[in-house]
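Colleague: sequence first, then the predicted structure:
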Amino acid sequence: MQALVCAMLCVMPPAAAQIPSWGVDEFRAPPDPRWSDVARTDVEAAYKLLRDNHPGGAEELHDLAFQERLNSAHSVALDRARSVVSYEGYAAVLAGFATGMGDKHILSRPTFAVNVPRWAGIITSKRGRDWVVAETDEPRTALRGATLIGCDGQDIDELARKNLGGFRVDWNVGAEQVQGAPWLLVDEGNPFITRPASCIFERAGKRQTMKLDWLRIKRENRLPKLHAAIGAGAAG
């Protein structure tokens, strides 16, 4: 896969391979349909790897549930791969395939991470059933500690299940929900999910709707705060 990625990047013109320092928030890399072939190739490789080597794929065990999940994840991934035109799309296809298996031991770990993702200026934490604002940029400090109710007419659990549970975590495992919660309002270019335009927050029984502004941020600057927002469990 590393060789394939290198080959793809090396033939791109300079404008496509680099992000300019000016207009970074508006920059979009030109679509490249060759990523679709790369995605399909790796989906098939991942499918065969699990089918032929995972114990659940052995006919003798009659693990019909595993085989059904494998076939379903394979079908969904192939369908998504047909529309992929970017590395971000490729990474999302493989992540969705792994998550679709519903097994924390099956992961997708891409060699390259998106260096300048977009974020809405808000980092969330999941505390019990509540989605709480753990960190914000300077203009939104008043939101810290508020509860996130929903976005664009969707209940927050519904949005998180689709955006996080479909690609980043196994939604059936509560601990993974907590670990993935800070990424809810971070956009790594996944073309199969939609960034919310506005969200509803509640504090002291009062609700307010706020428009979200999605801006690029260096990954290295956000990672410490994202990790801190995961928090830790307390006894009882």
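Modeller: Good, I have the coordinates.

Colleague: buried set for the helix or strand where residue 41 lies?
Modeller: Following DSSP states H and E, one finds residue 41 within helix 34-53. Of the residues in helix 34-53, 34-36, 38-40, 42-43, 46-47, 50-51 count as buried by neighbour count, 16 or more other CB atoms under 10 Å. C-beta here means a position set from N, CA and C on the backbone, and glycine is covered the same way.

Colleague: repeat that for stretch 131-145.
Modeller: For stretch 131-145, the buried set under the neighbour-count rule, 16+ other CB under 10 Å, comprises 131-136, 140, 143.

Colleague: can you pull out the helices in this structure?
Modeller: 2-10, 14-17, 34-53, 64-81, 87-100, 156-163, 174-180, 219-230 (DSSP state H).

Colleague: between the helix holding residue 41 and helix 64-81, how many degrees?
Modeller: 170 degrees (axes from the mean of the first three to the mean of the last three CA atoms, to 10 degrees).

Colleague: what residues are bridge-paired with residue 122?
Modeller: residue 136 (DSSP bridges).

Colleague: in contact with it, which residues?
Modeller: 133, 135-137, 140, 143, 185, 212 (CB atoms under 8 Å, 6 or more residues apart in numbering).

Colleague: please redo it, this time with the cut-off set to 7 Å
Modeller: Applying CB atoms under 7 Å, 6 or more residues apart in numbering to residue 122 gives the contacts 133, 136, 140, 143, 185.

Colleague: so residue 35 makes contact with residue 83?
Modeller: No: using CB atoms under 7 Å as the test, residue 35 is too far from residue 83 to be in contact (9.9 Å).

Colleague: which one in the buried residues of stretch 131-145 is the model shakiest on?
Modeller: Within the buried residues of stretch 131-145, pLDDT reaches its minimum at residue 140, with 89.

Colleague: excluding chain neighbours, what is closest to that residue?
Modeller: Nearest non-adjacent residue to residue 140, counting by CB to CB, 6 or more residues apart in numbering: residue 121, 5.3 Å away.

Colleague: do residue 207 as well
Modeller: Among residues not flanking residue 207 along the chain, residue 200 sits closest, at 5.6 Å (CB to CB, 6+ apart).

Colleague: roughly how far apart are the spatially closest residue to residue 72 that is not a sequence neighbour and residue 213?
Modeller: With sequence-adjacent residues excluded and distances taken as CB to CB, 6+ apart, residue 72 is closest to residue 100, at 6.5 Å. According to CB to CB, to the nearest Å, residue 100 and residue 213 sit 32 Å apart.

Colleague: okay, and the beta partners of the residue nearest to residue 207?
Modeller: residue 150, residue 209.

Colleague: now do the same contact list for it.
Modeller: Listed by CB under 7 Å, 6+ apart, the contact set of residue 200 reads 149-150, 207, 209.

Colleague: considering the residues you listed, which is situated nearest to residue 59?
Modeller: Comparing those against residue 59 with CB to CB places residue 150 closest, at 45.2 Å.

Colleague: picking up where we left off before, pull out the buried members of the contacts of residue 200.
Modeller: 149-150.

Colleague: next, format the contacts of residue 200 as TSV and append distance to residue 229 and pLDDT.
Modeller: Listed next are these as TSV, based on distance: CB to CB, whole Å; pLDDT from 0 to 100:
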residue	distance to residue 229	pLDDT
149	18	98
150	19	97
207	22	96
209	23	96
